[in-house]
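# Predicted structure and sequence below. I'll ask about it afterward.
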Amino acid sequence: MNLESILDRVLNLKKKEGSYAVLAFLLFFCIFCSYSVLRPVRDTMGITSGVNSLQWLFTATFAVSITVQIPYFYVLGKISRKIILPVVFSFFGANLLLFAYLMAHEIAPVITGRTFYVWLSVYNLAVISLGWSVLNDILKPSQSRRLFAIAASGSSAGSIIGPMITATAVKYTGIFPLILISLAFLALASLAVYFLFSIRSEQYDTDESAQSVNDYLKRRVNGSILEGFLSTFKSRYLLMIATFVILASTANTFLYFAQVRIIADSFADKSEQTFVFSVIDLIVNTATIILQLFITGRLADKFGLKPLIAVVPVLILVCFVVLMFIPVLSVIVLAMIVRRVGEYALVRPGKEMLFSVVSLDEKYKSKNFIDTVIYRGGDVFSAFLTQGAEALGGMILSFATGAIMAIVWIINALYLSKLFTHKSQEKL
């Protein structure tokens, strides 16, 4: 038995999926290295702006997410799908160079910090969403059950290396060099996309011809700049995905606000805050990558989508109930770790699988609209909901509200799983 056969068995791969697995892993490894190197910097900028202003930063992020949809959809219809991701990467890379200059010369540090917080939050969802759109475009639904977990493990590996780089370098070099490192990983991700499309054009199944594959890869995304919005609200299936995303965002925001408040109170120095955020990221992603490589794919292959999207809402409900009675630092951090491990190892691959049964246009337009505008809209909603609950009844009421939202999330996940099964059967 050769090395390729051993890897196929260990990673639960089928014939000709090895090259896809490697490139999908590398794509998300580079994307998440680029992002996670800067994530602790973003969180520190959020604290600099004041914990009580976070909901306004979330609101600004939501507004920017809506604004960038117009040029994104316009460009999407004008260029080949093979180069859309490198083009978007180049745009964000130019932005990073501008931020590097502003931070290096300490130009308007407060305004720059707030702008960077908003920008990185938009960049995070836009780039990651587009990366998954490309993977959904290239792979078939049956392949997604096995390969999406491996792609997600690349994101976890990148999120491990990123915080390690940040935690090691920030105390000695400051923030400026981290931006240049992030930019380098972004360039490497563009190469992975190029090779993914190249392999897809050369490898095709017995029911495909070289011409049909080539014609498919040349096709451009159709529709107006409002297509992502319109198709989302016309389709019950896409609307349920949007609801799922809002509920997941709500759970994240409730726990994130509690985490930020406690760390801000516990550590006054910015470097210490950045270091703590980096350590939390490291713990989360080390645990996650083991599940993604050896558990998630097999779980999806054997039991389907339901456990991937329904287990985590149940765990979150338990966390909120416990926090209502034991609202201390250790429990909140543990709850945040449980949520993030569950999101990366189960929910994220499961959510991306939901888009494997929609049309090409919906994979790029509706998906991006849901992943950015809807997600950030959920951030805004949950941010003000959290602030309101804390103002009325403190953190206990906030956690109780989070528990109610988790129950709704469970119901939504079960119904969405049923819809996915129905659409999968239609595509057979």
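Received the coordinates, thanks.
# Give me the pLDDT for Met1.
At Met1, the pLDDT value in this model is 54.
# What average pLDDT does stretch 64-82 get?
Stretch 64-82 comes out with an average pLDDT of 80.
# From Phe369, how far out is Leu196?
Distance, Leu196 to Phe369, using Cβ to Cβ, to the nearest Å: 23 Å. Yep, even glycine has a C-beta here, placed from its N, CA and C like the rest.
# Neighbour count for those two, which is higher?
More crowded of Leu196 and Phe369, by other Cβ atoms under 10 Å: Phe369, with 28 against 24.
# Just to check, the more buried one is in contact with Gln69?
Yes. Counting by Cβ atoms under 8 Å, Gln69 is a contact partner of Phe369 at 6.5 Å.
# Look at Lys16 and say how many residues are nearby.
Neighbour count for Lys16, taken as other Cβ under 10 Å: 12.
# And what about it, helix, strand or coil?
Put simply, Lys16 is coil when judged by DSSP: H, G, I helix; E, B strand; the rest coil.
# backbone phi and psi for it, please?
Note on Lys16: its backbone torsions stand at phi 70, psi 10 [degrees, to the nearest 10].
# any idea of the pLDDT on it?
72.
# Could you number the chain from 47 rather than 1 from now on?
Renumbered: residue one is now 47, and that last one reads Lys62.
# Distance of it relative to Arg246?
For Lys62, the distance to Arg246 (Cβ to Cβ) stands at 11 Å.
# Over to Leu224?
Taken as Cβ to Cβ, the span from Leu224 to Arg246 is 34 Å.
# so what sits against both of Phe415 and Gln115?
Counting by Cβ atoms under 8 Å, 6 or more residues apart in numbering, the common neighbours of Phe415 and Gln115 are 274-275.
# how about Ser428, what does it touch?
Ser428 makes contact with 295-296, 298-300, 451 under the criterion Cβ under 8 Å, 6+ apart.
# For it, give its distance to Met451.
Separation of Ser428 from Met451 (Cβ to Cβ) stands at 8 Å.
# Near Lys413, how many residues? Count them for me, please.
For Lys413, the count of nearby residues is 25 (other Cβ under 10 Å).
# which stretch of helix or strand covers it?
helix 413-415 (DSSP states H and E).
# Distance from the helix or strand following that helix to the middle of the chain?
Using DSSP H and E, the helix or strand that follows helix 413-415 in sequence is helix 421-473. Computed by Cα atoms, centre = their mean, to the nearest Å, the chain-centroid distance of helix 421-473 equals 17 Å.
# got it, and stretch 339-348?
On Cα atoms, centre = their mean, the centre of stretch 339-348 falls 19 Å from that of its chain.
# And stretch 390-402, by the same measure?
The answer for stretch 390-402 is 10 Å, by Cα atoms, centre = their mean.
# Pull the residues that contact that stretch.
Residues from elsewhere that reach stretch 390-402 (Cβ under 8 Å, 6+ apart): 178-179, 181-182, 185-187, 190-191, 194-195, 197-198, 201-202, 205, 287, 290-291, 294, 330-331, 334, 337-338, 341-342, 345-346, 351, 353-355, 357-358, 408-409, 413, 462, 466.
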